[in-house]
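A.B. asks: when you get a sec, could you give me coordinates for this:
(one chain, ligands or ions: 2)
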Amino acid sequence: MKDKPVILIVDDQPQDIELLEAHLVPQGYEIVKAASGEEALEKLSSNQIELILLDVLMPPGMDGFEVTRRIRRDTAHRLIPIILITALQETEDRVKGIEAGCDDFLSKPLDKMELFARVRSLLQVKAYNDLMNDYQIELEAMVTSRTEELRHALEDLQQEITERKLLEDLLKESEVRYRRLFETASDGVLLLEKREGNIFLANPATTKLLGYSEDEITGKVLKDVGFPDDFDTIQEILQKLEKDGIVNFEDTPLKKKNGQCVDTDIYMVDKAILIQCNIRDVTERKRAEDEKEKLQAQLHQAQKMESVGRLAGGVAHDFNNMLGVILGHTEFALEKAKENHDLHADLKEIQSAARRSADLTKQLLAFARKQIIAPKMLDLNDIVESILNMLRRLIGEDINLSWNPGKGVCPVKMDPSQVDQILANLCVNARDAIEGVGKLTIETGMKTFDQEYCADHAGFIPGDFVVLAVSDDGCGMDKMTLNHLFEPFFTTKDVGKGTGLGLATVYGIVKQNNGFINVYSEPDQGTTVRIYLPRCVAADEIPAVIHPHKPDPTGNETVLLVEDEPAILRMTRMMLERMGYSVIPAGTPAEAIDLAKTHADKIHLLMTDVVMPEMNGRDLAKHLTALYPDIKLLFMSGYTTNVIAHQGVLDKKVAFIQKPFSMKDLAEKVREVLDKASSIR
Ligand code: ADP
Ligand code: MG
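C.D. replies: Numbering: from 1, shown residues only. Ligands and ions are numbered 1, 2, ... in the order given. Modelled structure (predicted):
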């Protein structure tokens, strides 16, 4: 609004306008003039008019009523107060003016004071109306914008509802599919809500896997239902999910409700407001892997033992031959150097050292499974009992030996001397493990293992077994020792005390007899060694234990002696001749055949080495049997890969002597063979 209110004066009589102007200007009003209605309407649109003083009769133009009507029709000016000025005093005119829309009247001639009063009051009304009008406009604008906002909101809502509906339909459809997958999946599927990681839904595979019911699981967090600590905070998982889209946990052990453990692979994926957690039971797979690993390890161990065995067997064979020579010549020398001779004591020492060495090589051969054995049907209890006294002497008085034989007979088929070897080795080990006073227990019994048991216990073989267990309360063993236990030359004992061959021997013997060994031991907790030998079913053989002792027998028969090792040939020849036999020595099978052909008299016995360069002992025997059908046969061997003894097991009908042999061994064996009925060779 301007400082001065502007009044538009409309009159066709200039002097009337001037008069009004003369009155109003001093009152502080600005005046705009118009000589006709038309001009008035024009001026109105170009000026900010506050009030109009309007003459009624303005011929020939529009009269004041018409001008009023037009102004009122125009919304921009409808609030401007209009005062009609007229000379007419008729009521009729006033009614007409009010109907046209004017606000007040002034009569000519004008009263100055009345003019001022009416103008002032109408300007006040106008100001008030303007204010109200502004307010109303503002209000209207406000209402309009709020309405607009609401309308938008409504539209959005509508759209959302439509979208939602669409989504719901889609969801419903995929939900049916998802549900079916969820219910029938073999993998566990859990849906977790994201805020706290609570379980929202669990499929049947999960409840089965974990052993909790659906009710027990729902609402819980993962660590409450057996998940490990990695799953404590869902936030960490969420962060990873955000970064990688998927989170994997491999080989995760879950604890079932009953306390059992299951190995699982777990992966999680982001599913909008939920996390989907898939759980796969990999116990079977892991078990198979472990099993494979175990078998691999066993195979490695077996291969190692096998190659070490071959090596040991080879060395032992040659070494054994030499020992035979040493022992034989020592025996001769001892005969010449009687007890009062200077050399007698030294020779005795040589003999005992050589015997000990022969025992060692015997153990190596046992380990290499190259020991020639004559298995018999035995009752293990009888054998153990027969050597208990010997074992007691071996372990000394400080160790209490208890013997708990299993009920009834424990039938095994093996060489009784091998049982002695096993027990002696195990008892010596027990003795060494016990410092001072202790306890040693020998037990026997029967045991049957089925496939299932063996699947869970590495190294066990299904079948019926006789068990021989030797336990001690000694120092026990650590893991490292347990791992190397059966290796030849593995020992934790001081030089000179242990050879590391004891358990290697036991291993070889047990393997040779198709059994297996189980050792249970922990440091300071003692040790139990269990030997499982196949239970023998055929009860047609009588157990034999006793080895008879007779004076050295002699004879005068002719012996064809074949041996490719000259030292042994010489020594054996000397032994036989001492016993009274005539000896035809031959260094090769060919020589032997020649000699046999040219020999005039009867040859009673062929005594031959088994392994020789050109022809083995068995083939030589065949040749000679053709020449001399009555000839008796005695094989001797250095125990290596053996033609006679297939896999080391002696053919029952074949006579055999193991190197090195003493004079006494040889005398007995030769006599035994010569005295046998000729049908048995
Ligand atoms: P050696 O007795 O000559 O050392 P073995 O082959 O008999 O050789 O035994 C190998 C190793 O196994 C021993 O040195 C010892 O460490 C361990 N061992 C065997 N038996 C027992 C046992 N009963 N208690 C504790 N340790 C044993
Ligand atoms: Mg030992």
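
A.B. asks: OK, contacts around residue 529?
C.D. replies: By Cβ atoms under 8 Å, 6 or more residues apart in numbering, residue 529 lies in contact with 426, 429, 469-471, 506, 517-519. C-beta: built from backbone N, CA, C; applies to glycine.

A.B. asks: do the same with residue 605
C.D. replies: 557-560, 631-634, 670, 673-674.

A.B. asks: quick revisit: closest to ligand 1 out of the contacts of residue 529?
C.D. replies: Nearest to ligand 1 out of the contacts of residue 529 is residue 429 (Cβ to the nearest ligand atom; 3.3 Å).

A.B. asks: could I get the phi/psi values of the residue located most distally from the centre of the chain?
C.D. replies: For the chain, the residue at maximal distance from the C-alpha centroid (Cα atoms, centre = their mean) is residue 109, at 118.5 Å. Main-chain torsions, residue 109, degrees, to the nearest 10: phi -70, psi 150.

A.B. asks: do the same with residue 85
C.D. replies: Dihedral angles for residue 85 - degrees, to the nearest 10 - are phi -110, psi 120.

A.B. asks: ok, it touching residue 110?
C.D. replies: Yes. At 7.2 Å, residue 85 counts as touching residue 110 under the criterion of Cβ atoms under 8 Å.

A.B. asks: neighbour count: those two, which is higher?
C.D. replies: residue 85 (22 against 15; other Cβ atoms under 10 Å).

A.B. asks: got a list of what the more buried one touches?
C.D. replies: Residue 85 touches 11, 16, 53-56, 64, 105-108, 110, counting by Cβ under 8 Å, 6+ apart.

A.B. asks: if you set the cut-off to 10 Å instead, what comes out?
C.D. replies: 9-11, 16, 20, 53-57, 64, 104-108, 110, 115 (Cβ atoms under 10 Å, 6 or more residues apart in numbering).

A.B. asks: drop anything exposed from the residues you listed.
C.D. replies: Among those, those classed as buried by neighbour count (16 or more other Cβ atoms under 10 Å) are 9-11, 16, 20, 53-57, 64, 104-106, 115.

A.B. asks: could you pick out which of these are located in helices?
C.D. replies: 16, 20, 64, 115 (DSSP state H).

A.B. asks: can you tell me the helix or strand for the residue in the stretch 351-500 of the chain that ligand 2 sits nearest to?
C.D. replies: Nearest to ligand 2 in the stretch 351-500 of the chain, going by Cβ to the ion, is residue 429, at a distance of 4.3 Å. Assessed by DSSP states H and E, residue 429 sits inside helix 416-433.

A.B. asks: give the buried residues for that helix.
C.D. replies: Residues of helix 416-433 classed as buried by neighbour count (16+ other Cβ under 10 Å): 416-427, 429-433.

A.B. asks: with adjacent residues omitted, what lies nearest to whatever residue of the chain ends up closest to ligand 1?
C.D. replies: The chain approaches ligand 1 most closely through residue 502 (2.4 Å), counting by Cβ to the nearest ligand atom. Nearest residue to residue 502, sequence neighbours excluded (Cβ to Cβ, 6 or more residues apart in numbering): residue 425, at 4.0 Å.

A.B. asks: can you check residue 609 too?
C.D. replies: Nearest non-adjacent residue to residue 609, counting by Cβ to Cβ, 6+ apart: residue 563, 4.7 Å away.

A.B. asks: from the rest of the structure, what touches the host helix or strand of residue 95?
C.D. replies: Using DSSP H and E, residue 95 maps to helix 91-100. If you take Cβ under 10 Å, 6+ apart as the criterion, helix 91-100 is touched by 54, 56-57, 63-72, 82-84, 86-88, 90, 102-105.

A.B. asks: quick one: low-confidence parts of the protein?
C.D. replies: The chain contains residues with pLDDT under 70 at 1-2, 88, 368-372, 456, 538-551, 638-653, 678-681.

A.B. asks: ligand 1 contacts on that one?
C.D. replies: Listed as neighbours of ligand 1 in the chain under the rule Cβ under 6 Å from any ligand atom: 425, 429-430, 433, 472, 474-477, 481, 485, 490-493, 498-504, 527.

A.B. asks: try 5 Å
C.D. replies: By Cβ under 5 Å from any ligand atom, the residues of the chain that approach ligand 1 are 429-430, 433, 474, 477, 481, 491-493, 498-500, 502-503, 527.

A.B. asks: of these, which belong to helices?
C.D. replies: 429-430, 433, 481, 502-503.

A.B. asks: and stretch 662-673, how far from the chain's centre?
C.D. replies: In terms of Cα atoms, centre = their mean, to the nearest Å, the centre of stretch 662-673 is found 63 Å from the chain centre.

A.B. asks: how about residue 129, nearest residue that isn't a chain neighbour?
C.D. replies: For residue 129, ignoring the flanking residues on the chain, the nearest one in space by Cβ to Cβ, 6+ apart is residue 79 at 5.0 Å.

A.B. asks: one more: residue 70?
C.D. replies: Leaving aside its chain neighbours, residue 70 sits nearest to residue 41 (6.2 Å; criterion: Cβ to Cβ, 6+ apart).

A.B. asks: thinking again about what came up before, just the buried ones from the contacts of helix 91-100, in PyMOL syntax?
C.D. replies: This is how PyMOL selects the buried members of the contacts of helix 91-100, with burial counted by 16+ other Cβ under 10 Å:
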select buried, resi 54+56+57+63+64+65+67+68+70+71+72+82+83+84+86+88+102+103+104+105
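
A.B. asks: taking the chain, what residue is nearest to ligand 2?
C.D. replies: For the chain, Cβ to the ion, closest residue to ligand 2: residue 502, 2.7 Å.

A.B. asks: I'd assumed residue 433 was in contact with that residue.
C.D. replies: No. In this structure, residue 502 is not within contact of residue 433 by Cβ atoms under 10 Å, at 11.6 Å.

A.B. asks: what is residue 528 paired to in the beta sheet?
C.D. replies: Per DSSP bridges, the residues bridged to residue 528 are residue 471, residue 520.

A.B. asks: for it, grab the count of nearby residues.
C.D. replies: For residue 528, using other Cβ under 10 Å, the count is 17.

A.B. asks: so where do the strands sit in the stretch 51-200 of the chain?
C.D. replies: Secondary structure of the stretch 51-200 of the chain (DSSP state E, counting those that start in this stretch): strands at 51-55, 82-86, 104-107, 188-193, 199-202.
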